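> Here is a sequence together with a model predicted from it:
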Amino acid sequence: MALIYKIVALLSLVVSFIQITLGGFVRASESGLGCPDWPLCHGQIIPPIEFHTLIEYSHRLNGSVLGILVTILLIICLMKYRSEKQLTIANYSAFGLVVGAGILGGITVITELAWWIRLIHLGIAQILAACLMYIVWQFLFVNVRNVHIDLSPIRAWKWKMVLCVSLVFLLMLSGSYMVGIGASSSCSSWPLCKGLSIPEGLTYQVHMGHRYISVLSLAFVGYVAIELITHSNDSRLIKRIAHSVLGLIGVQIILGAITVWSGFSSHMKVTHLSVATLVWLSVILMSILVERSFSKVAFDSDMTLKKV
């Protein structure tokens with residue numbers, strides 16, 4: 001049963017990432033109303049094959065698969081791991097989030113793609129992915145023994161990790177807001193907008209606001225990652241994750257520039273969102289590992305899975 005749970009948890013995380021990527025493709029290709037009704041598509045279970053319909057329908061099918069996987073996770077958890085409080089809460093949260101995301105998906109169609117509904121929809125999808133990352137971590141790294149590392153050189157490390165997570169989440173929501181109000185393609189130059197750091201006009205300012213949030217968020221996360229690399233000599237895992245975060249930040253900055261230079265092609269927009277999601281998940285994992293590694297509670301007191 002434990003092996004089945006591990007496999008389903010990993011699949012859920014992967015399918016969650018695919019769902020976010022597909023959602024970005026739906027938006028970038030303007031296929032949101034490829035299925036103008038909900039829960040059916042053109043009043044049918046299997047709709048006619050047409051580009052926009054196929055894109056939106058694929059997004060819905062993938063979401064259905066995700067819902068089934070998360071439901072299976074919850075059932076197994078209640079059957080085998082009910083006594084593990086944190087894991088149970090994470091599974092209930094994932095189930096509630098996937099149901100909420102499905103309902104919001106329907107509301108998005110009914111409201112004809114209201115930008116604020118889509119923003120909430122993305123936020124829930126990213127929180128769901130974070131929950132699934134936590135569940136996967138419980139199983140993949142449960143046997144890892146991290147030593148207690150001296151955190152005295154890193155001041156207020158708990159708040160720094162909270163701020164890292166919050167800033168990356170804000171960054172993704174600001175990108176969704178920018179796209180939602182039609183400001184994503186307003187600045188056709190990089191790093192400045194029309195040669196100005198603060199251009200006139202709401203759409204230009206919203207676009208540049210997203211860039212400034214990107215600089216603030218990624219710079220701070222990068223700074224924290226470098227601190228962890230410097231002071232985590234006894235934890236190879238944390239150093240590897242911190243290096244991964246730094247690498248993804250570099251890739252994301254480059255992709256942001258290429259997205260502008262490419263004339264905001266739909267493929268670059270989707271890639272940009274996908275890497276942003278990887279940054280988000282990496283920061284979530286880094287935060288979990290740091291909190292557990294430096295906790296005064298012994299790692300051995302954490303959940304021990306029963307082998308079947």
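Alright, I've got the coordinates. Numbers count the residues shown, from 1 in each chain.
> wait, Met133 sits on Ser282?
No. Using Cβ atoms under 8 Å, Met133 is not in contact with Ser282; the gap is 9.2 Å. C-betas here are computed from N, CA, C, even on glycine.
> Flag the shaky bits of the stretch 101-250 of the chain, pLDDT-wise.
Where the stretch 101-250 of the chain drops to pLDDT under 70, the residues are 141-154, 233-235.
> ranges for the helices of the stretch 101-250 of the chain?
Secondary structure of the stretch 101-250 of the chain, counting by DSSP state H, counting those that start in this stretch: helices at 115-140, 157-180, 202-231, 236-261.
> How far away from the center of its chain is stretch 203-216?
With Cα atoms, centre = their mean, to the nearest Å as the basis, stretch 203-216 stands 20 Å off its chain's centre.
> Buried residues of that stretch, list them for me.
Thr203, Tyr204, Gln205, Val206, His207, Met208, His210, Arg211, Ile213, Ser214 (16 or more other Cβ atoms under 10 Å).
> Nearest to Ile46 among these?
His210 (38.6 Å; Cβ to Cβ).
> Let me know whether that closest one touches Leu173 as I believe.
No. In this structure, His210 is not within contact of Leu173 by Cβ under 8 Å, at 9.9 Å.
> Distance to Asp37 added to the helices of the stretch 101-250 of the chain, as CSV?
Output for the helices of the stretch 101-250 of the chain, formatted as CSV (distance: least, Cβ to Cβ, whole Å):
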stretch, distance to Asp37
helix 115-140, 16
helix 157-180, 22
helix 202-231, 31
helix 236-261, 32
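> Quick one: closest of these to Thr21.
Nearest to Thr21, of all those, is helix 115-140, at 10.4 Å by Cβ to Cβ.
> Ala90 and Ile75, how far apart?
Going from Ala90 to Ile75 by Cβ to Cβ, to the nearest Å gives 14 Å.
> ok, now Ile103?
Ile103 is 21 Å from Ile75, by Cβ to Cβ.
> Also Pro48?
35 Å.
> what about these two, which has more around it?
Set Pro48 next to Ile75 and count neighbours by other Cβ atoms under 10 Å: Ile75 wins out with 13 against 10.
> secondary structure class for the more buried one?
helix (DSSP: H, G, I helix; E, B strand; the rest coil).
> Per-residue pLDDT of it, please?
At Ile75, the pLDDT value in this model is 95.
> what about it, distance to Ala9?
For Ile75 relative to Ala9 (Cβ to Cβ), the value is 13 Å.
> before we move on, what about Ser274?
21 Å.
> cool, and Leu163?
28 Å.
> Between those two, which is the more surrounded one?
Using other Cβ under 10 Å as the criterion, Leu163 and Ala9 rank with Ala9 on top: 27 against 15.
> isn't that one right up against Ile72?
No. Counting by Cβ under 8 Å, Ala9 sits too far from Ile72 to count as a contact (9.7 Å).
> which phi and psi does the nearest residue to Thr277 once chain neighbours are set aside have?
Leaving aside its sequence neighbours, Thr277 sits nearest to Ile20 (Cβ to Cβ, 6 or more residues apart in numbering; 5.2 Å). The phi/psi pair for Ile20 (degrees, to the nearest 10) reads phi -60, psi -40.
> Report the contact partners of Ile20.
For Ile20, the contact set (Cβ atoms under 8 Å, 6 or more residues apart in numbering) comprises Leu122, Ala125, Gln126, Ala129, Leu273, Ser274, Thr277.
> from memory Leu10 sits against Gln138, does it?
No. The pair Leu10 / Gln138 is not scored as a contact, 11.9 Å apart, by Cβ under 8 Å.
> Same drill for those two, tell me which one is more crowded.
Legend: neighbour count by other Cβ under 10 Å for Leu10 and Gln138, higher for Gln138 (21 against 16).
> List the buried residues in stretch 27-39.
Buried-residue list, stretch 27-39, by 16+ other Cβ under 10 Å: Arg27, Ala28, Ser29, Ser31, Gly32, Gly34, Cys35.
> Among those residues, which are located in helices?
Arg27, Ala28 (DSSP state H).
> Show me the two of the buried residues of stretch 27-39 that sit farthest apart.
Ala28 and Cys35 (16.8 Å).
> In space, what's closest to Thr71 - neighbours in sequence excluded?
According to Cβ to Cβ, 6+ apart, the nearest residue to Thr71 is Phe95 (6.5 Å).
> And the helix or strand where the one you found lies, how far out from the chain middle?
Using DSSP states H and E, Phe95 sits within helix 85-110. Remark: helix 85-110 is offset 14 Å from the chain centroid, using Cα atoms, centre = their mean.
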